[in-house]
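Asks: Here is a sequence with its predicted model. Questions after.
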Amino acid sequence: MSSGSQTGRQLTVTGVGYAPEGEILEQERPVTRPVDADVRQLLVAAGLCNDARILPPHALASHWTILGDPTEAALRVVASKGGIDLEAEVQQQPRRRELPFDSRRKRMSTIHQPHGTPYAMPLAYVKGAPQEVLALCTLHLLHGQACPLTESHRAQIMAANDAAARRGLRVLAIAQRTLPAGMTTYTPETVEADLTFLGLVAMYDPPRPEVTDAVEKCHRAGIRIIMITGDYGLTAESIARRIGIIRGPQPRLLTGPELAAMDDEALKAALQDEVICARMTPEQKLRVVTVLRALGHVVAVTGDGVNDAPALKKADIGVAMGRAGTDVAKEAADMILTDDNFASIVNAVEEGRAVYANIRKFVTYIFTSNTPEAVPFILFALSGGRLPLALTVMQVLSIDLGTDLVPALALGAEPPEPGVMERPPRQLSEHVITRALLVRAYAWLGAIQSLAAMSAFYFMYWTHGYWGQWLDLPAHGPLYRAATAMTLASVVATQLGNLFAQRTESTSAFRMRWGRNRLVWIGMATELALLALLLYVPVLQRVFDTAPFPPQNWLLLFTLTPLLLIAEEGRKALVRRRARGTLSGSATG
């Protein structure tokens, strides 16, 4: 806190949070109470030009809490630490009118009528952005007297403001004015003029510890973060560097007036680089979001104030703060962040990517078994009926609606794969079901599974006197039903390996913790249990036209189980090798 910055006085306030615990220091020595007239007037003005409230610990909260804007609450806390009884001040100077904060004016004013003094004239207290407030000041308070504010004083005040801003502090200027007794119209033009500068108040709201890691995760995920704020440019840059949003040595600092002078093409060019948007009005925030969307970006906007509502509404995803956010911001947003934590947004992106990946895993798993289900009907048709159907219609239904169901659901509950936040965002035009997915499911894994299924079908015949015979095999009777049961069992057995293969897209399945998704094991057990019921329960044998086969045939089936897992491990190894080669080429290039 600076009181009467033109005098060079700098005061420090100790304490953390909203508890009125701490003291005011000057040159590292406590300031004795009562504070002098200049400091007192600064604290009173900051405390009365204020709509926040501080609540002591109560049944629902064991610590001091607030109602209203955190910045205003901090000003009330400072006043309390300076020994100011704001409730008594409110009684002495009740508020008559308020000129709310406006993002264009960048300041707020309240008008008060002092009691106890005959013919007392109303007082206006003003707080806001230092540059804007200082431009309206003609006097400054020194030793309780209003003195002319010279250009030298202005330069000294702005130097103190810039020094605090470079340290990442949010700085507010506090001023006052004694209004004419006969004034009846209170507008910004009539009230906010010929002000007396009282001082600067600088406060530090440290980023949460997890924010830096969340920002770094965004960078790795190809998610770009642009700070669009109404704060002073130096403050915004300092905070952006501290949490890792800005990495380059000379980012573009785009201010509201500069943006207003740009056309859309110039703005598009500016937004391609590392940029900080400071001193922005609501219209300018909206324009930045509109231009980013025009460039093809999917834009998510976070905000908590009324001024953020247009940008929240325009964005693809508007995220309002649940605790500090205004009702207007919440209504304009698509989602509300209940803990006001940026890291929660990044975690949601990770979960969203995991859900998208799980849908693809689910689809690939289901599509794979479609090929061995279709191949027997194709071969039956091509052979003119000389090759019996290796699967019946009811057996196909038993796979789709029975054995495949729980394992597929298990893939839908798979936790995020390692490295999911190190991939670039997918294109908007990319669908869940892509050509690559169809080729992998039908032409690669499905073909292998079909070969295994038909091998099991022929194996049953060849081990029962039909060695080497490909056509004109029995199409009725116990042997045929046992052969179709072998085909059904081979599809289920290979789907067990496919279940583990589909748990990851590029990472080796053997590097995953086998027990991290217990539903996978439940799915396997369910699949095998349903298969056993279909093969060995007489009622189900008649319904699904199956018959038990020799126990030793299970050895062949379990030999087929890892086929798809091995095939996928080979494909994933090639994908990882190609990715490493691409990264190596990019680094050397």
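Replies: Arrived safely. It should be emphasised that the depicted structure is a prediction, and the values quoted were computed from it without experimental measurement.

Asks: Per the annotation, how does the chain divide into domains?
Replies: 2-203, 209-343, 346-588 (automatic domain parsing).

Asks: Output these as CSV; include the columns mean pLDDT and mean neighbour count.
Replies: Just so you know, the C-beta spots here come from the backbone N, C-alpha and C atoms, and that holds for glycine as well. Output for these, formatted as CSV (pLDDT from 0 to 100; neighbours: other Cβ atoms under 10 Å):
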stretch, mean pLDDT, mean neighbour count
domain 2-203, 89, 17
domain 209-343, 91, 18
domain 346-588, 91, 17
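
Asks: Give the other helices and strands that the helix or strand containing residue 125 contacts.
Replies: Assessed by DSSP states H and E, residue 125 sits inside strand 123-128. If you count contacts as 3 or more Cβ pairs under 8 Å, 6 or more residues apart in numbering; DSSP states H and E, strand 123-128 packs onto helix 37-48, strand 107-112, strand 170-178.

Asks: Let's have those in TSV, adding distance to residue 376.
Replies: Shown next, in TSV, are those (distance: least, Cβ to Cβ, whole Å):
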stretch	distance to residue 376
helix 37-48	82
strand 107-112	77
strand 170-178	71
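
Asks: So which of these is nearest residue 141?
Replies: helix 37-48 (5.5 Å; Cβ to Cβ).

Asks: Contacts for the following helix or strand past the closest one next, please.
Replies: Tracing the chain past helix 37-48, the next element assigned as helix or strand by DSSP H and E is strand 53-55. For strand 53-55, the surrounding residues in contact (Cβ atoms under 8 Å, 6 or more residues apart in numbering) are 18, 20, 61, 64-68, 73, 76-77, 80.

Asks: Filter those down to the ones in helices?
Replies: Among those, the residues falling in helices (DSSP state H) are 73, 76-77, 80.

Asks: Can you add distance to residue 201 and give these back as TSV?
Replies: Shown next, in TSV, are these (distance: Cβ to Cβ, whole Å):
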residue	distance to residue 201
73	13
76	11
77	11
80	14
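
Asks: Could you single out the nearest of those residues to residue 558?
Replies: Ranked by distance to residue 558 (Cβ to Cβ), the ones in helices among the contacts of strand 53-55 are led by residue 73 at 67.1 Å.

Asks: I'd guessed residue 390 sits against residue 481; true?
Replies: No - checked against Cβ atoms under 8 Å, the pair residue 390 and residue 481 is beyond contact range at 11.7 Å.

Asks: Could I get the full set of strands for the stretch 201-350 of the chain?
Replies: 227-228, 252-255, 275-278, 300-303, 317-321, 335-337 (DSSP state E, counting those that start in this stretch).

Asks: So what sits opposite residue 97 in the bridge?
Replies: In this entry, residue 97 is beta-bridged to residue 111, by DSSP bridges.

Asks: could you check the distance from it over to residue 127?
Replies: Distance, residue 97 to residue 127, by Cβ to Cβ, to the nearest Å: 15 Å.

Asks: Does residue 219 touch residue 244 like I think?
Replies: Yes - judged on Cβ under 8 Å, residue 219 makes contact with residue 244 at a distance of 7.3 Å.

Asks: Which residues are in contact with the spatially closest residue to residue 259 that is not a sequence neighbour?
Replies: Of all residues not flanking residue 259 in the chain, residue 284 sits nearest, at 5.2 Å (Cβ to Cβ, 6 or more residues apart in numbering). Taking Cβ under 8 Å, 6+ apart, we find residue 284 in contact with 256, 259-260, 277.

Asks: contacting residues around the residue in the chain sticking out farthest from the centre?
Replies: Relative to the centre of the chain, the most outlying C-alpha is that of residue 465, 64.7 Å out, by Cα atoms, centre = their mean. Contacts for residue 465 (Cβ under 8 Å, 6+ apart) come out as none.

Asks: before we move on, the earlier item: how about a markdown table for the contacts of residue 284, with distance to residue 442 added?
Replies: Below are the contacts of residue 284 laid out as a markdown table (distance: Cβ to Cβ, whole Å):
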| residue | distance to residue 442 |
| --- | --- |
| 256 | 55 |
| 259 | 52 |
| 260 | 56 |
| 277 | 48 |
